[in-house]
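*Asks:* Quick one: sequence and predicted model below, then my questions.
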Amino acid sequence: MKKALIAASIVGAAAAGVILYLTNRSRAEQLLDNLNESAGELGNKVDEGRRFAKKHLRKTHKKMNHMIQEHMA
């Protein structure tokens, strides 16, 4: 039942998109372009977050190694 509801919502969203696209093509194209730009910006933010996390992980790893070496000395 849950799969049928999900499938129906996907089909409904697609149908609404087609109707919107066909009724006002220029506005729909602008909306799709804006959506693509937003997705691209989100992808860039994800990449920035991933780089920040890796940098933080490397720094933390170095600090932990340094603390262990100081403790062992």
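*Replies:* Perfect, thanks for sending it.
*Asks:* C-alpha only now, for contacts and for neighbours.
*Replies:* Noted.
*Asks:* Regarding this protein, what is its longest helix?
*Replies:* Scanning the chain for the helix with the most residues, using DSSP state H, yields helix 25-72.
*Asks:* which other helices and strands contact that one?
*Replies:* Taking 3 or more CA pairs under 8 Å, 6 or more residues apart in numbering; DSSP states H and E as the contact definition, the neighbouring helices and strands of helix 25-72 are helix 2-23.
*Asks:* could you say what helices and strands the helix it packs on packs with?
*Replies:* Counting by 3+ CA pairs under 8 Å, 6+ apart, the packing neighbours recorded for helix 2-23 are helix 25-72.
*Asks:* what about the helix it packs on, average pLDDT?
*Replies:* Along helix 25-72, the predicted confidence averages to a pLDDT of 79.
*Asks:* quick one: it to helix 2-23, angle?
*Replies:* Angle, helix 25-72 to helix 2-23, by axes from the mean of the first three to the mean of the last three CA atoms, to 10 degrees: 130 degrees.
*Asks:* follow-up on the earlier one: so how far is the longest helix of the chain from its chain's centroid?
*Replies:* Distance of helix 25-72 from its chain centroid, counting by CA atoms, centre = their mean, to the nearest Å, is 10 Å.
*Asks:* please renumber so the chain begins at 157
*Replies:* In the new numbering, first residue 157, that becomes helix 181-228.
*Asks:* since we're on residue 160, how many residues are nearby?
*Replies:* 9 (other CA atoms under 10 Å).
*Asks:* measure residue 210 to residue 217 for me?
*Replies:* According to CA to CA, to the nearest Å, residue 210 stands 10 Å off from residue 217.
*Asks:* do residue 168 as well
*Replies:* Here the distance between residue 168 and residue 217 works out to 49 Å (CA to CA).
*Asks:* before we move on, what about residue 164?
*Replies:* The spacing between residue 164 and residue 217, counted by CA to CA, is 48 Å.
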